[in-house]
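> Fold the following for me, if possible:
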Amino acid sequence: MTTASSTSSTEPSSAEPDDRAERSGGAERQGRFSAAVDRFAPALGAYAVVKATGLTVFMLLLSHTGDFLKKDVGRGGGAQPWDVLGTWDGIWYQRIAENGYDPQLIPLHGYPLASYYENSAAFFPLYPWLMRLVGAVTGLGPYGSGILVSVLASFVAAAGIFAVAERLGGFRAGVIAAVIWGLFPGSGVEWAVYSDSLFVAISAWACYCVMTHRWLAAGALALAAGLNRPTAAAVIAAVSISALVALVRRTDGIARPLTAMLITPWGLLWYVAWVGYRMGDWGGYFKLQRGAWNRYFDWGASTSRTFLDVITGHWDFWQSNPVPDLIAVALLILLPGLLVLLLRTRPPLVLVVYTLLTVFTALSSNQIFGNISRYLLPAFPLFVGLAIALRRLRPPTLAGLFAVPAVAAGWYAGYALFELGIP
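Numbering: from 1, shown residues only. Have a look, this model is predicted:
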């Protein structure tokens, strides 16, 4: 009896430390989660409001005109207004998610600006991989999976932009920066079957990781960016150069910056090499981009030429789309001011390199001129400088300032891009 009593009396006391540790760990996790909610909720809530407002206006405009009913599926058309969100590049991503890749260079004759048939290998794999994964888990088709991945990634991107801007200019600047990203010309692709939201999410958090000296995470994110878009070269360079500077200055030791610098390019290099290998031509990816989509580096000659054509009323250039072209001109006029606002904040090196290379890439290639608004969408640090300049305004003033753009975004960032142009 004594032994049994003794044993039962000691059991609770021996379990108490574990119970306390469990409760303490649970409380700590709950505290971290609550802190994260308190930190990010205002920015993500404001972003959701402006995006939902713009998307509603976009759908109303589509229903009003009904023009999408007269267009081909995959080229701005569909049976329902929301089908438009899965057209253009979206149809290619859906095909990849369903059928995978078959990289080929098939000669095309009789077209002055095209020498090869279009092929899905021009589109990088990370986004359709995630579409396929989400489809397998949820049972959604390629369209639904693509929309879900993009919407979720857009919130991750908005959170990353908020985190970067908050670090430079405080909480209010972070919220404003997230909102501006949701209103920027070209933002219509954020909630469409496009890889842009995923790319910005990866890029923003890669830059934030560099700013907070999380080198291994920054390197891994840059590697992932290279699997998402060819313009990941800007992220790769920004992380690598920042890591090299840290390495030279010995601010964060040697191993972590060096490892980050060494792993950053392999996603991009692997995919381009894989496409070349499958095509039997190591330059196959670049030949496909030029020969099928007329995309190639020209030091900005086509951008300069088209800019002059648009402002002088000449609309006979390749892929002229008057409304998106005029929006692109307005954005190019504003671009120097946005750069000045950013540089006035004395941003860290990673943001300077990333922004300048993103802008340079967007303007130095032969592409569809009206898409400049979309090509500059990843240049999120531009919004940070503007957000810091606007942070002194009171919340009611800011709400009034963004109300009209939130509604208008359904036109200039949605309808103009998808129905009056080719995003």
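> Can you mark which positions in stretch 322-341 are buried?
323, 324, 325, 327, 328, 329, 331, 332, 335, 338, 339, 341 (16 or more other C-beta atoms under 10 Å). Backbone N, C-alpha and C define where each C-beta goes, glycine included.
> same question, stretch 62-80
Neighbour count says stretch 62-80 has 62, 68, 74, 76, 77, 78 buried, by 16+ other C-beta under 10 Å.
> just to revisit the earlier point, now, the buried residues of stretch 322-341 that are in helices?
The helices, defined by DSSP state H, take in 323, 324, 325, 327, 328, 329, 331, 332, 335, 338, 339, 341 from the buried residues of stretch 322-341.
> The nearest residue in space to residue 49 that is not next to it in sequence: neighbouring residues, count only.
Leaving aside its chain neighbours, residue 49 sits nearest to residue 406 (7.3 Å; criterion: C-beta to C-beta, 6 or more residues apart in numbering). Residue 406 has 21 neighbours, counted by other C-beta atoms under 10 Å.
> For residue 406, give its distance to residue 128.
Residue 406 is 31 Å from residue 128, where distance means C-beta to C-beta, to the nearest Å.
> the strands in the stretch 251-400 of the chain, which residues?
Ranges of strands within the stretch 251-400 of the chain are 296-297, 365-366, based on DSSP state E, counting those that start in this stretch.
> Relative to residue 356, which of the buried residues of stretch 62-80 is nearest.
residue 76 (33.1 Å; C-beta to C-beta).
> isn't residue 184 right next to residue 379, touching?
No - here residue 184 does not reach residue 379: they are 9.2 Å apart, not a contact under C-beta atoms under 8 Å.
> Let me see the contact set for residue 398.
Residues in contact with residue 398 (C-beta atoms under 8 Å, 6 or more residues apart in numbering) are 176, 390.
> And the pLDDT at it?
We note a pLDDT of 92 for residue 398 in this prediction.
> same deal with residue 73?
pLDDT at residue 73 comes out at 87.
> ok, now residue 13?
Predicted confidence (pLDDT) for residue 13: 45.
> rewinding a little: least confident of the buried residues of stretch 62-80?
residue 74 (87).
> residues in contact with that residue?
Residue 74 neighbours (C-beta under 8 Å, 6+ apart): 87, 88, 90, 91.
> at 7 Å instead, please
Residue 74 sits next to 87, 91 when contact means C-beta atoms under 7 Å, 6 or more residues apart in numbering.
> roughly how far apart are it and residue 353?
Here the criterion is C-beta to C-beta. By it, residue 74 lies 37 Å from residue 353.
> hang on, the earlier thing: which pair in the buried residues of stretch 62-80 spans the largest distance?
Between any two of the buried residues of stretch 62-80, the greatest separation by C-beta to C-beta is 15.8 Å, found for 62 and 74.
> Pull the residues that contact stretch 83-100.
For stretch 83-100, contacts defined as C-beta under 7 Å, 6+ apart pick out 62, 68, 74-78, 120, 123, 127-128, 131-132, 135, 142-143, 145-147, 191-195, 418-419, 422-423.
> Buried subset of those, written for ChimeraX?
For the buried members of the contacts of stretch 83-100, the matching ChimeraX selection, counting by 16+ other C-beta under 10 Å, is:
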select :62,68,74,76,77,78,120,123,127,128,131,132,135,142,143,145,146,147,191,192,193,194,195,418,419,422,423
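> Correct me if wrong: residue 354 contacts residue 204.
No - with contact defined as C-beta atoms under 7 Å, residue 354 does not reach residue 204; the gap is 9.6 Å.
> Might you list the low-confidence residue ranges for the chain?
Applying pLDDT under 70 to the chain flags residues 1-29.
> end to end, how far does stretch 406-418 reach?
Using C-alpha to C-alpha, to the nearest Å, the span of stretch 406-418 from its first residue to its last is 17 Å.
> Mind listing what's buried along it?
406, 409, 410, 411, 412, 413, 414, 415, 416, 417, 418.
> Columns distance to residue 41 on top of these, output as JSON lines?
Listed next are the buried residues of stretch 406-418 as JSON lines, based on distance: C-beta to C-beta, whole Å:
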{"residue": "406", "distance to residue 41": "19"}
{"residue": "409", "distance to residue 41": "22"}
{"residue": "410", "distance to residue 41": "24"}
{"residue": "411", "distance to residue 41": "29"}
{"residue": "412", "distance to residue 41": "28"}
{"residue": "413", "distance to residue 41": "24"}
{"residue": "414", "distance to residue 41": "26"}
{"residue": "415", "distance to residue 41": "30"}
{"residue": "416", "distance to residue 41": "31"}
{"residue": "417", "distance to residue 41": "29"}
{"residue": "418", "distance to residue 41": "30"}
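> re earlier: specify the local secondary structure of the residue nearest to residue 49.
helix (DSSP: H, G, I helix; E, B strand; the rest coil).
> what's the distance between it and residue 378?
Distance from residue 406 to residue 378, by C-beta to C-beta: 21 Å.
> Residue 194 now?
Going from residue 194 to residue 378 by C-beta to C-beta gives 12 Å.
> now swap in residue 175 and tell me
20 Å.
> Neighbour count: these two, which is higher?
Set residue 175 next to residue 378 and count neighbours by other C-beta under 10 Å: residue 378 wins out with 29 against 26.
> Could you name the helices and strands sitting against the helix or strand harbouring residue 149?
Per DSSP states H and E: residue 149 is located in helix 142-169. Helix 142-169 is packed against helix 2-65, helix 89-99, helix 126-138, helix 171-183, helix 196-211, helix 381-390, with contacts defined by 3 or more C-beta pairs under 7 Å, 6 or more residues apart in numbering; DSSP states H and E.
> can I get those in TSV with distance to residue 274?
Converted to TSV, the helices and strands packed on helix 142-169 look like this (distance: least, C-beta to C-beta, whole Å):
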stretch	distance to residue 274
helix 2-65	35
helix 89-99	14
helix 126-138	13
helix 171-183	32
helix 196-211	19
helix 381-390	31
